[in-house]
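A.B. asks: mind folding the following:
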Amino acid sequence: MSDPRTLVDIFRNVEKLDKPDLLLFKRDGRWVPISSAEFAARVKAVSAALGLMGVEPGGRVALLSENRPEWSIVDFACQCYGAVLVPIFPTMMSEQVEYLLRDSGATAAFASTAAQAKKVLDARPNCPALAHLVVFDGGDEAGTRRFDEVLAEGAAAHQADPAAFDRRADARQPGDLATLIYTSGTTGEPKGAMLTHDNFVSNVLAGAGLMPFDSTAVALSFLPLSHVFERTIEYCYFYRGATIAYAESIEKVRDNLNEVHPHVFGAVPRVYEKVYAKIQENLEKAPPLRRKLFQRALDVGKEVTALKARKRTPGALLALQHMVFDKLVYSKVRASLGQRFRFAISGGAPLAKDLAEFFWAMGVEIYEGYGLTETSPVITLNCVSAWRLGSVGRVVPGVEVKIAEDGEILARGPNIMKGYWNKAQATRDAIDPEGWFHTGDIGHVDEDGFLAITDRKKELIVNSNGKNIAPAPIEGFLKGDPFVSLPIVIGDRRKFLSCLIVPNFEKLEEWAATHGVGGRREDLLVDPKVTQIYQKAVDRWNKGKPHEQTIVKFSLLPRELSIDDGELTPTLKVKRRIIDQRYKGVIDDMYSGEA
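C.D. replies: Below you'll find the predicted structure:
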C-alpha cells in the first residue's frame, strides 16, 4: 500500500477496512460502535449534502462541536468534497464565534447542540455569507436544520450519482487547503492558519512512523478536535485503522478510561498535573508506612528509568525491587488509566521534567512532543526508540530545525502552514523568505539532537534593569506544590518579580477544615496561616537564586481562571494580556512602595 498524499487517501484506507468498531461513543449509558462501512457511508452522504447546500469547492464550512463521531464525519466529508473546514472551540463565546465565521466567510456551519447553534444564530446577522446551519442534536429552531434530515437527503443524492463523490475526491491535491485553524490569540486577534492536505499528511506519516500502535489499538479522544494537536493524532489513528472512543467530556475522562481501557491517548500537561495532584492527595491520607513504601517505590522507579534512558539494564537487586514494586505500587497507578494502557502523548505546552519523571517511574510512558498550529503541529517528538525526559524529542522526519542567534526556534518543512488567512503581513512576519517559520519559542538542541524549550520569546520578562528572565521554569516549580493550582509570574519592566497564585482550593479548604481556619474564601486567603503556606512555597523557589529570579511579593487570587471568562485559551494557556488588565489593581498593589 502506497503512502497517502492527501487526507482523501487516508479516508480511502479507512473505507477499505472491515472494522465493526472504528468509532465508539456513549449513548444511554453504553458504548455504541460505528463500523468503518457505516462511517464511510455517512462521510459520502454529508459530502453530497454539501453539494445540495451549494458549497463551492474551496468554500469554508464551520464546525462548532465537542468531540463526537459527527466531528470526524463532517471533517472527512469536507476534505473529500474540497471544502475548507473551520473548526470552532465549543467553549468560545458568541462574539468569538462571530469573528471566526465572519473572517473565514463560512457559507455553512454544523453545530452539536441547540446551545452551540444559538451562538451561530446570534452571530448570523453579521455574517452575510452564512446560508446554512445544521445541528446534530436538535435543529428545530428557526434558521436551522436537523443533521439526520441532511444526512438522509445527502444519502439519496449520493445513491443517485455515486460517481460524483469519486470525481470530487479524486480531484483533491496535496497542496489543496484543508482547514483554517484559528490561533488561540493569547496576545491579540486570532489568525487563521491555512493548513493543506500535505501539511497534515506529512505530519501523520512522520508521527505514526514513530508511535507503536496499529489497528488493534483503542484510543480515547478527549482533547478538543478543534485543536490541531488532537486532530492530527486522530488522523494517525485513522491512518493505522485504530478504534477511536470519544470521551463523554473532560469531567468524565476518569470514568471513561476505566470503561474503554484505551491503549493510547493524547493530553496536555494540565491533565497530567491533575492526575498527579490526585495521587498526592490520596497519598497524604495514607498511613505513614504506605507513604514510605510509595516513596521507596518512586526512588527505585526513577533509578530504573534513568538506566533505561542510557540504554542500560538494572542490576539483579534493583530489577527484583522494581518487579516487586511494580506489583505493589506501579500497577495500581497504571490501572487508573485503564487495564490496557501502553503509552500517552503530551503536547500543547511544556511538560515539567519532574512530572514526567514521576509518571515514567510508575511505568506510565508519556512521550512529549512539540509544535504549533502553524506546523500541523509536530516539529519534534520523543518516541519509544529515542526519548529524553526534560526534552521535547528529536526533529521528526522531513522537518528541519535551527536555533536563531537570539535563541528562537525556527522550523522548515512540508508541515509548515501556507500562511495566515487574509493576513499577508502577518504571514511575512512568521515565515521568512527562506521558508523558515519563526515559532516564537526559545530553546536549544543538545549534543544528541534533543530539543528543549526554555520559554516563549514574547513572554520573556525583561526587568527594569534589562535582565531577561524566563517565567516558565519558575511557574513549573511552583506548580509542583500541592497547594498551588496556577502561578503567573509578573515583572516585565519592573524592578523585581512578583507572582499571582491561584490556590488549589480543594486542597486548601480541606487543610483549613482540619486546622481550625474557617470563614469565607476571601477571609481564608488573607489568614496569616494560609499566607505562610504560600510564602514557604515561594521561599523554596527563591533559595539560592540570583536576585532578579527571586519572587519578592505574591498575591492569592480568589478563584480559578476560566476559558469562559476569557482568561485561558481553549488549551488552558494563560492569556497574560487579559490577566494584566483584569488584575491590574492587584498587580499595582504588589509594586506600590516597591521593595
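
A.B. asks: the residue lying farthest from the centre of the chain and Ala45, how far apart?
C.D. replies: Each residue of the chain has a distance to the centre, and by C-alpha atoms, centre = their mean the biggest one is for Ala160: 41.1 Å. According to C-beta to C-beta, to the nearest Å, Ala160 stands 12 Å off from Ala45. C-betas here are computed from N, CA, C, even on glycine.

A.B. asks: Thr216 too?
C.D. replies: 29 Å.

A.B. asks: ok, now Thr454?
C.D. replies: 49 Å.

A.B. asks: quick one, which of the two is more surrounded?
C.D. replies: Ala45 (22 against 15; other C-beta atoms under 10 Å).

A.B. asks: kindly export the longest helix along the chain (C-alpha atoms) in CSV.
C.D. replies: Longest helix in the chain, counting residues (DSSP state H): helix 288-309. Taking C-alpha atoms only, helix 288-309 is exported to CSV below (Å, rounded to 0.1, in the frame of the first residue of the first chain):
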residue,chain,number,x,y,z
PRO,A,288,3.0,6.6,57.2
LEU,A,289,4.2,3.1,56.3
ARG,A,290,2.4,3.2,53.0
ARG,A,291,3.7,6.7,52.2
LYS,A,292,7.2,5.4,53.0
LEU,A,293,6.7,2.4,50.7
PHE,A,294,5.4,4.7,47.9
GLN,A,295,8.5,7.0,48.2
ARG,A,296,10.8,4.0,48.0
ALA,A,297,9.0,2.7,45.0
LEU,A,298,9.3,6.1,43.4
ASP,A,299,13.0,6.2,44.0
VAL,A,300,13.5,2.8,42.5
GLY,A,301,11.3,3.6,39.5
LYS,A,302,13.4,6.8,38.9
GLU,A,303,16.6,4.9,39.1
VAL,A,304,15.4,2.3,36.6
THR,A,305,14.1,5.0,34.3
ALA,A,306,17.5,6.8,34.4
LEU,A,307,19.2,3.5,33.4
LYS,A,308,16.7,2.9,30.6
ALA,A,309,17.4,6.4,29.3
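
A.B. asks: shared neighbours of Ala160 and Ala45, which are they?
C.D. replies: Between them, Ala160 and Ala45 share no contacting residue under C-beta atoms under 8 Å, 6 or more residues apart in numbering.

A.B. asks: what does Ala277 show for phi and psi?
C.D. replies: Main-chain torsions, Ala277, degrees, to the nearest 10: phi -60, psi -40.

A.B. asks: residues contacting the closest residue to it other than its chain neighbours?
C.D. replies: In this structure, Ala277 finds its nearest non-sequential neighbour in Pro482, 6.4 Å apart by C-beta to C-beta, 6 or more residues apart in numbering. By C-beta under 8 Å, 6+ apart, Pro482 lies in contact with Ala277, Gln280, Glu281, Glu284, Asn504, Lys507.

A.B. asks: buried only: go through those residues for me.
C.D. replies: Taking 16 or more other C-beta atoms under 10 Å as the criterion, what is buried in the contacts of Pro482 is Ala277, Asn504, Lys507.

A.B. asks: the first one contacts Asn504, doesn't it?
C.D. replies: Yes: counting by C-beta atoms under 8 Å, Ala277 touches Asn504, with 6.9 Å between them.

A.B. asks: what ranges of the stretch 1-150 of the chain fall below the confidence cut-off?
C.D. replies: Residues of the stretch 1-150 of the chain that meet the criterion pLDDT under 70 lie in 1.

A.B. asks: name the nearest residue to Val268, sequence neighbours excluded.
C.D. replies: That would be Gly348: by C-beta to C-beta, 6+ apart, it lies 3.9 Å from Val268.

A.B. asks: residues in contact with the one you found?
C.D. replies: Per C-beta under 8 Å, 6+ apart, neighbours of Gly348: Leu223, His227, Phe229, Val268, Pro269, Thr571, Leu572, Lys573.

A.B. asks: how would you label the third one: helix, strand or coil?
C.D. replies: Under DSSP: H, G, I helix; E, B strand; the rest coil, the three-state class of Phe229 is helix.

A.B. asks: neighbours of it, just the number please.
C.D. replies: By other C-beta under 10 Å, the residues close to Phe229 number 24.

A.B. asks: give me the distance between it and Val97.
C.D. replies: 21 Å.

A.B. asks: what of the first one?
C.D. replies: Taken as C-beta to C-beta, the spacing of Leu223 relative to Val97 amounts to 20 Å.

A.B. asks: which residues touch Asp140?
C.D. replies: Counting by C-beta under 8 Å, 6+ apart, Asp140 touches Ala114, Arg146.

A.B. asks: ok but it is inside a strand, no?
C.D. replies: No: assessed with three-state DSSP, Asp140 is coil; it does not lie in a strand.

A.B. asks: how near is it to Arg146?
C.D. replies: Per C-beta to C-beta, Asp140 is found 7 Å from Arg146.

A.B. asks: again, but for Lys402
C.D. replies: 52 Å.

A.B. asks: neighbour count winner among the two?
C.D. replies: Remark: of Lys402 and Arg146, Arg146 carries more neighbours, 15 against 11, as counted by other C-beta under 10 Å.

A.B. asks: how many neighbours does the spatially closest residue to the more buried one that is not a sequence neighbour have?
C.D. replies: Among residues not flanking Arg146 along the chain, Gly139 sits closest, at 3.3 Å (C-beta to C-beta, 6+ apart). Using other C-beta under 10 Å, Gly139 is surrounded by 19 other residues.

A.B. asks: how about Lys26?
C.D. replies: Using other C-beta under 10 Å: Lys26 sits among 18 other residues.

A.B. asks: which SSE is it in?
C.D. replies: For Lys26, the element it lies in under DSSP states H and E is strand 23-27.

A.B. asks: and that strand, which strands flank it?
C.D. replies: Sheet pairing for strand 23-27, assigned by DSSP bridges, gives strand 30-34 (antiparallel), strand 243-246 (parallel).

A.B. asks: helices of the stretch 301-450 of the chain, residue ranges please.
C.D. replies: 316-325, 331-335, 353-361, 424-430 (DSSP state H, counting those that start in this stretch).

A.B. asks: how near is the residue nearest to Val268 to Ala319?
C.D. replies: 35 Å.

A.B. asks: do Ala361 as well
C.D. replies: On the measure of C-beta to C-beta, Ala361 and Ala319 end up 15 Å apart.

A.B. asks: more neighbours: which of the two?
C.D. replies: Comparing Ala361 with Ala319 by other C-beta under 10 Å, the one with more neighbours is Ala361, at 23 against 14.

A.B. asks: quick one: residues contacting the more buried one.
C.D. replies: Ala361 neighbours (C-beta under 8 Å, 6+ apart): Ala297, Leu298, Val300, Gly301, Lys302, Val304, Thr305, Tyr330.

A.B. asks: how far does stretch 314-330 stretch from one end to the other?
C.D. replies: 17 Å (C-alpha to C-alpha, to the nearest Å).

A.B. asks: to clarify, my last question referred to stretch 459-472.
C.D. replies: Its start and end residues considered, stretch 459-472 measures 9 Å (C-alpha to C-alpha).

A.B. asks: residues making contact with it?
C.D. replies: 350, 442, 453-456, 488-497, 548-549, 576.

A.B. asks: could you pull out the strands in the stretch 301-450 of the chain for me?
C.D. replies: 343-346, 366-371, 378-381, 394-395, 400-403, 408-412, 419-420, 437-445 (DSSP state E, counting those that start in this stretch).

A.B. asks: just among the contacts of Ala361, which is most surrounded?
C.D. replies: Gly301 (25 neighbours).

A.B. asks: tell me the contacts of that one?
C.D. replies: His322, Phe325, Tyr330, Trp360, Ala361, Met362, Gly363.

A.B. asks: make sure the second one is actually in contact with Gln295.
C.D. replies: No: taking contacts as C-beta under 8 Å, Phe325 lies outside contact range of Gln295: 10.9 Å.

A.B. asks: neighbour-wise, which of the two wins?
C.D. replies: Phe325 (23 against 11).

A.B. asks: name the nearest residue to the more buried one, ignoring sequence neighbours.
C.D. replies: Per C-beta to C-beta, 6+ apart, closest to Phe325 is Ala297, 4.0 Å.
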